[in-house]
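1. got a sequence here, can you build the structure:
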Amino acid sequence: MIPLRKSDDLLTWIEGSFGYVFKQPSLLYAAVTHRSAAAEHNERLEFLGDSILNCSVARLLYDAHPQVDEGDLSRLRATLVSGDTLAEVAGELGLGEHLRLGSGELKTGGFRRASILADALEAILGAIFLDSGFDAAAAAVAHIMGPRLATLPAADTLKDPKTRLQEALQARGLALPVYTLTTVAGEPHLQSFTVNCEVPAFGLAAAGEGGSRRRAEQLAAATVLGLLPPELRKSS
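-> Down below sits the predicted model:
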């Protein structure tokens, strides 16, 4: 197991990275502890932090974009709270250096794994909530996520590939794409899915492979989008 850095180092890092000073450092220690390291790990705190993050980001977007409708706000929020974005934020903050991991996760580079980083980030927000309440946790969310609000792309560019493909076809009165699961491989905890996406109107088809069926469908749809005639791609 990775030993904790000196408590002063961890607390100093939190104050600088999240703008927050813990009253109960034990909550912070639990938040940076992966289940592979100890029985008292961060999964329950992650559960809390996920809800706090979603609510806080929703409020930030609501205030920052008074003219944007519900659908676009939802897409903007999904971008900010996605696992990839959270892992990027965690990486920029240096969170991986403060994680407590079991030997197995340590050997396989768990301190760089996106899911572990994202989960720990949410767990820290849950710990701040328990330590000082919602307002303090929301302030921490604003501290770490606020700078990204200014760099968000236009909401209408954030539609996922499946949605964009469907809308492009519907706009021309064409039949919707057909998705077919062709392969499921790997162990139950680490499966890989392959999905074929077909657009009969143009005789187009492409396969996508991902860690979930949904991810595979999105990748297949993205490939088909690139194969559509130019006038349809513009409408997507």
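2. which residues of this protein score low on pLDDT?
-> Along the chain, segments meeting pLDDT under 70 span 1-7, 156-157, 233-236.
3. strands along this structure, start to end?
-> Ranges of strands within the chain are 178-185, 192-199, 204-210, based on DSSP state E.
4. quick check: residue 40 vs residue 33, distance?
-> 7 Å (Cβ to Cβ, to the nearest Å). The C-beta positions use only the backbone N, C-alpha and C, and glycine is treated the same way.
5. ok, those two, which is more surrounded?
-> Using other Cβ atoms under 10 Å as the criterion, residue 40 and residue 33 rank with residue 33 on top: 25 against 11.
6. which residue packs closest to that one, ignoring adjacent ones?
-> residue 100 (4.3 Å; Cβ to Cβ, 6 or more residues apart in numbering).
7. before we move on, what about residue 166?
-> In space, and not counting its chain neighbours, residue 166 is closest to residue 176: 5.9 Å by Cβ to Cβ, 6+ apart.
8. pull the contacting residues for that neighbour.
-> 166, 169-170 (Cβ atoms under 8 Å, 6 or more residues apart in numbering).
9. go on, residue 118?
-> Residue 118 neighbours (Cβ under 8 Å, 6+ apart): 83, 86-87, 90.
10. may I see the ChimeraX selection of the buried members of the residues you listed?
-> This is how ChimeraX selects the buried members of these, with burial counted by 16 or more other Cβ atoms under 10 Å:
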select :86,87,90
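11. got the contacts of residue 118 as TSV, with distance to residue 206 columns?
-> TSV is the format used below for those (distance: Cβ to Cβ, whole Å):
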residue	distance to residue 206
83	24
86	29
87	27
90	33
